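Engineer: Fold the following and give me the result.
(one chain, ligands or ions: 2)
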Amino acid sequence: MSTATASDKTTFIEPFAVDYDLAAGIMKNPTNHLARRASDMRGHYRNSAALDALIAGGDPVHYEVFEVPVPNEYGHLMYCISDLKPGVVGEECFMTKGHYHTRINTGEIYLALRGRGFMMMKTTDGQCRYEEFAPGRMVYVPPYWGHRSINTGDEPLISFCVYPGDAGHNYGDIEREGFPKRAFRRGGKIVVE
Ligand code: F6R
Ligand code: ZN
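Structural biologist: Ligands and ions are numbered 1, 2, ... in the order given. Next up, the predicted model:
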């Protein structure tokens, strides 16, 4: 603690532990639970009429995030379980909103626990890459890359992620820019375009 500088405010906390069922992708006693519904996804899918129909049909939960929070400060590490449901909007695979980190030079580690999908990534100057998600696979999201999970399978896509406590979430720029690539399910095949 004595080596921290004034700009590195890092609150001292006691060690703690969290229990998981990693095969099922469950954090056993989360403190925070965030659920995003279809209605939270307006503007993100190509087929907005299909999204409206989904909302009118009961506005199902699209994805959930489970956390035991730590201080949002430099030095701490945030971590969570993200559970993205399977499904399509029109033909487009369910996905998260996606974001840059507010502190854009911070990366993130995603460990896939269950399901199949992609981590779609883009930079502010339009570069776009994606990596496949499958159980046991870690995807490294480097600093500067906006990121969005996409579920291409028939079961929940569950991942465990870790990122700097002071990273923050910038949704606005991704909402304005969109991602250059999207994933569709057509005739039983996944097509990225
Ligand atoms: C944190 C992170 C994940 C996502 C989660 C939900 O930096 O990348 O925990 O927050 O997968 O996705 P968004 O935040 O895009 O709605
Ligand atoms: Zn992130």
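Engineer: low pLDDT regions in this structure?
Structural biologist: Where the chain drops to pLDDT under 70, the residues are 1-7.
Engineer: again, 80 this time
Structural biologist: 1-8 (pLDDT under 80).
Engineer: Where is the longest helix in it?
Structural biologist: Identified as the longest helix of the chain according to DSSP state H is helix 48-56.
Engineer: contacts for that helix?
Structural biologist: 37-39, 41-42, 45, 60, 89-90, 92 (CB atoms under 8 Å, 6 or more residues apart in numbering). Backbone N, C-alpha and C define where each C-beta goes, glycine included.
Engineer: 10 Å instead, please
Structural biologist: If you take CB atoms under 10 Å, 6 or more residues apart in numbering as the criterion, helix 48-56 is touched by 37-45, 47, 60, 62, 87-92, 94.
Engineer: Only the buried subset of the residues you listed, as a PyMOL command please.
Structural biologist: Entered in PyMOL, the line below selects the buried ones among those, by 16 or more other CB atoms under 10 Å:
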select buried, resi 38+41+44+45+62+88+89+91+92+94
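Engineer: Residue numbers of this structure in contact with ligand 1?
Structural biologist: By CB under 6 Å from any ligand atom, the part of the chain that sits against ligand 1 consists of 36, 65, 80, 82, 96-99, 108, 147, 149, 161, 163, 167, 169.
Engineer: now with 8 Å?
Structural biologist: Residues of the chain lying near ligand 1 by CB under 8 Å from any ligand atom: 34, 36, 63, 65, 78, 80, 82, 84, 96-99, 101, 108, 110, 141, 147-149, 159, 161, 163, 167, 169, 171, 174.
Engineer: Could you turn the buried ones of these into a ChimeraX selection?
Structural biologist: Of the residues of the chain next to ligand 1, the buried ones go into a single ChimeraX selection, burial set by 16+ other CB under 10 Å:
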select :63,65,78,80,82,84,96,97,98,99,101,108,110,141,147,148,149,159,161,163,167,174
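Engineer: Which of the residues of the chain next to ligand 1 fall in strands?
Structural biologist: 34, 36, 63, 65, 78, 80, 82, 84, 108, 110, 141, 147-149, 159, 161, 163 (DSSP state E).
Engineer: Only the buried residues of the strand or helix carrying Glu131, if you could.
Structural biologist: Using DSSP states H and E, Glu131 sits within strand 128-133. For strand 128-133, burial by neighbour count (16+ other CB under 10 Å) applies to 130-131, 133.
Engineer: what's the closest of these to ligand 1?
Structural biologist: Of all the buried residues of strand 128-133, Phe133 has the smallest distance to ligand 1: 11.4 Å, by CB to the nearest ligand atom.
Engineer: right, and that closest one touches Pro156 too?
Structural biologist: No. Using CB atoms under 10 Å, Phe133 is not in contact with Pro156, being 11.7 Å away.
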